[in-house]
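> return atomic coordinates for the entry below.
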Amino acid sequence: MKPETKRYTTTVGSRTIAIETGKLAPQAGGAVTVHLNDTVIFAAATMGGVREGIDFFPLSVDYEERMYAGGKIPGSFFRREGRPSTDAILTARLTDRPLRPLFPEGMRNEVQIIMYSLSADVENPLDILAINAASAAIMISDIPWNGPVAAVRVGRVDGQFVANPTFPEMDKSDLDLRIAGTREAILMVECGADEVPEDIMVAALEFGHKAIQPLIELQLQMQAEIGKPKREVTFFIPDADLRKKVFERVSGAISSLLDKPLTKNEFYGGMTTLKDEIVAEMCTVPDPQSAGAGGGNAADHPSLASVREAFDQAEQTIVRERILNLGKRPDGRAPAEIRPIWCEVGFSPRAHGSGLFTRGETQVLTLTTLGTLRESQEIDTLSPVDTKRYMHHYNFPPFSTGETKMLRGQSRREVGHGALAERALEPVIPAQETFPYTLRLVSEVMASNGSSSMAAVCGSTLALMDTGVPIKAPVAGVAMGLVKEGERYQILTDIQGAEDHLGDIDFKVAGTSRGITALQMDIKISGLSAEIMKQALEQARQARLFILDKMLEVLPAPRPDLKPHTPRVTIVKIPVDKIGAIIGPGGKNIRALQEETKTRIDVEEDGTIYIAATDGVGAEMARERIEAITETPQLGRIYTGKVVRVADFGAFVEILPGTDGMVHISQLDSERVEKVEDVVRLGDEVTVMVTGIDPMGKIRLSRQAVLEGWTVEEAQERDGRKSGGGRPSGGRPGGGRPGGRDGERHGGGYNRR
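As a prediction, this is how the structure comes out:
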């Protein structure tokens, strides 16, 4: 029997979104499909048991991009989906971030969210629908959760905000803001922008939060009507007495440790030592022989995990109270103070450009490589974007935090941080028409104590300028934090790792002196007001300007020239119908040209040719050859060519590669010619003038016009008189010599192409 399908609809902006459930995945905890026109996303949420010894909440969120959704066969060797694309990883991370904070504190049951693309209309982006699908699946499931959340994309077209814009609308937008939140507050922000001012960004956030409300109400309706009862789960929360006991025991020691400015190793090392002492003191089981003397028994002692959790909570409380009451941070800085900065460029002598950026204990080295447009990344996803000429990759090795780990390829976090840095710099990358290169930037994190993604933005700006890339403006980034208790709050500039972990917000802002280019925010609390947001953005703007000044002290502008070993790209524009002559049969011509000139040549469909070479001589040679191959014969122009065919009535001369014209026997010499071979033979080089090009492209040439020094008009007049009857002689039009062989005239030259 076919199951009953429930369908719920609402309107976001001017778009109708529908959520269906009941038809697919009946054994999942909760499953839905979200529909926007012909785009459909499936999500299933399921909860398992508790793994033994686990001390964290095991939530996993996966999005799998199914190529059949867009009517495409995967481009891999196996012709099936393999490892997730960058877009798929970013969508999974985007979904995870607003969901995770709303699960109950201390929950230890495994929860898994799996999402598929079932249909993609190449008009509506999939990532925002994935967040809404995951939230709806959890809401109607048996999983305890303090949701719902909803998400919307905000664009700005012609100065007006648009909710859930299409891909064509996004092409016109100077803002790409993705926002997720609850009925009361924003939880997650991901944004790319074209130097958008702070006040417009705040207005966009307010617009987005208002736009998600219909989806919040829809999910609450679904839960009330068809939601499953929530299951009992296992929580791990130390009891109040233990938390109080641990706090009283460690508060003095932690405060003493924090009274002096601390490096990362001093802070974490001191806290670890203190934690180990407390664990040893409170978790040690007494000697059984001393039990009769009041020593107690094992049952009187808390578990190891409980004491550790209680210590972590005590640490968080003490650090936060010191920030709120005293304005003192763990390293001794004032709330708006930025760590010491130093920079360097040209670190790698053979890389095309390099920038080293150090802020406090965070250090990033970014290196730039320029390539030809042929080296652009090909993208095989459900997005309408199929190539990318600017790429940013971010690597976070274990030594950057003083740890040892197996190297297992790029993590999701590394993919996300690379994408954030890429988004921050994309608005200032010069257009392909003015800078015809593929750009790859790699940020190597050498040391990390917070804000490494924003250090990657700063290092990348320096690397681009060191390369000589004419960026529109330098970009800097800073990570902001917040500690809030009730009405008290403190905004922190340039947060380090401990402040990120113990604080209430991680707010990364990147931009130029004119405005914001990228924004990423994760909020752990509700009730973040617009006023706090404005203050945080203004404080970030001041910090960004300060950091930019420090960077520009090292290199005030992009270098005027590329490095000697960097490929130079020369642009040549040819008629589209000449592309075949350049490429040749099976690519024969272009391969030979590249080998001969030691260049790399890319030909675009519109007739644009890019010549890349580190040798200026080779580039110039290739340009001249291409121009010669694609040159169009001009009336009156004189060419030196080779005789490629001889007939009774004249000779055919190749004046340009692949282009022949005919010299009639009457135009071979100033004197009467009885036989063509008396003047020219096959393979001879002769100099001729183009005297005629007919509508079919046949070319008529004259050697006599060159010998006599005629203008093209004189040559045409002379040729015309011969065509009309007797054959005058002499060196000028009007002279005469009877006779001739005009009866054997061919109808002009021809083009072998």
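> I'd like to know which elements the lengthiest helix in the chain is packed against.
When the chain is scanned for its longest helix (criterion: DSSP state H), the result is helix 530-554. Here helix 530-554 touches helix 198-211, strand 341-345, helix 452-467, strand 476-485, strand 488-493, strand 505-511, going by 3 or more CB pairs under 8 Å, 6 or more residues apart in numbering; DSSP states H and E. The way it works is simple: take the backbone N, C-alpha and C, and place the C-beta from them, glycine included.
> centre of the chain versus the third one, how much separation?
Okay, so that is helix 452-467. 15 Å (CA atoms, centre = their mean, to the nearest Å).
> list the buried residues of it.
For helix 452-467, burial by neighbour count (16 or more other CB atoms under 10 Å) applies to 452-467.
> next one: the shortest one
Of the residues in strand 341-345, those buried under the neighbour-count criterion (16+ other CB under 10 Å) are Ile341, Cys343, Glu344, Val345.
> and what of the fourth one?
For strand 476-485, burial by neighbour count (16+ other CB under 10 Å) applies to Ala476, Gly477, Val478, Ala479, Met480, Gly481, Leu482, Val483, Lys484.
> look up how far Val385 lies from the closest residue to Phe507 other than its chain neighbours.
Among residues not flanking Phe507 along the chain, Met480 sits closest, at 4.1 Å (CB to CB, 6 or more residues apart in numbering). Counting by CB to CB, to the nearest Å, the gap from Met480 to Val385 is 31 Å.
> how about Glu627?
33 Å.
> which one of those two is surrounded by more residues?
Under the neighbour definition other CB atoms under 10 Å, Glu627 and Val385 were set side by side, and Glu627 has more, 12 against 9.
> which SSE is the residue nearest to that one when sequence neighbours are not counted in?
Spatial nearest neighbour of Glu627, chain neighbours left out: Val572 (6.7 Å); criterion: CB to CB, 6+ apart. Using DSSP states H and E, Val572 sits within strand 568-573.
> show me what whichever helix or strand comes after that strand is packed up against.
Remark: after strand 568-573, the chain's next helix or strand is helix 579-583, criterion DSSP H and E. On a contact count with 3+ CB pairs under 8 Å, 6+ apart, helix 579-583 meets helix 588-597, strand 600-603, helix 616-630.
> show me the contact partners of helix 579-583.
574, 589-590, 593, 601, 603, 605, 607, 609, 626, 629-630, 657-658, 753 (CB atoms under 8 Å, 6 or more residues apart in numbering).
> top of those residues by neighbour count?
Ile601 leads those on contacts (other CB under 10 Å) with 25 neighbours.
> worst mean pLDDT across the helices and strands of the chain, which element?
helix 712-723 (a mean of 80; mean pLDDT, DSSP states H and E).
> tabulate the CA atom coordinates of it in CSV.
This file holds the C-alpha atoms of helix 712-723, laid out as CSV (Å, rounded to 0.1, in the frame of the first residue of the first chain):
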residue,chain,number,x,y,z
VAL,A,712,46.6,49.6,-57.2
GLU,A,713,44.3,51.8,-59.2
GLU,A,714,46.8,52.0,-62.1
ALA,A,715,47.2,48.2,-61.9
GLN,A,716,43.5,47.6,-62.0
GLU,A,717,43.1,50.0,-64.9
ARG,A,718,45.9,48.2,-66.9
ASP,A,719,44.4,44.8,-66.1
GLY,A,720,41.0,46.0,-67.1
ARG,A,721,42.1,47.3,-70.5
LYS,A,722,43.8,43.9,-71.2
SER,A,723,40.6,42.1,-70.3
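> centre of the chain versus that helix, how much separation?
On CA atoms, centre = their mean, the centre of helix 712-723 falls 63 Å from the chain's centre.
> please apply the same query to stretch 360-380.
Using CA atoms, centre = their mean, the offset of stretch 360-380 from its chain centre is 10 Å.
> mind listing what's buried along it?
360-373, 375-376.
> got the CA positions of that stretch in CSV?
Extracted C-alpha coordinates of stretch 360-380, given in CSV (Å, rounded to 0.1, in the frame of the first residue of the first chain):
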residue,chain,number,x,y,z
GLY,A,360,51.2,36.9,17.5
GLU,A,361,51.7,33.1,17.5
THR,A,362,49.9,32.6,14.2
GLN,A,363,52.0,32.5,11.0
VAL,A,364,51.0,31.8,7.4
LEU,A,365,53.2,31.6,4.3
THR,A,366,51.3,32.0,1.0
LEU,A,367,52.9,31.2,-2.4
THR,A,368,51.5,32.2,-5.8
THR,A,369,51.7,30.3,-9.1
LEU,A,370,50.6,31.8,-12.4
GLY,A,371,49.7,29.6,-15.3
THR,A,372,47.9,29.7,-18.6
LEU,A,373,44.2,29.7,-18.9
ARG,A,374,44.4,26.1,-20.1
GLU,A,375,45.4,25.3,-16.5
SER,A,376,42.1,26.6,-15.0
GLN,A,377,40.3,24.0,-12.8
GLU,A,378,37.6,22.1,-14.6
ILE,A,379,34.6,21.7,-12.2
ASP,A,380,32.2,18.7,-12.5
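> which residues does Glu426 contact?
Contacts of Glu426 (CB under 8 Å, 6+ apart): Gly192, Tyr390, Thr517.
> show me which of those residues is closest to Glu433.
Tyr390 (14.3 Å; CB to CB).
> OK, contacts around that closest one?
By CB under 8 Å, 6+ apart, Tyr390 lies in contact with Glu422, Leu425, Glu426, Ile429, Thr438, Leu439.
> then Gly353?
By CB under 8 Å, 6+ apart, the residues touching Gly353 are Val345, Leu367, Thr368, Ala463, Leu464, Met465, Asp466, Thr467, Gly468, Val469, Lys563.
> hmm, 7 Å instead?
Residues in contact with Gly353 (CB atoms under 7 Å, 6 or more residues apart in numbering) are Thr368, Ala463, Leu464, Asp466, Thr467.
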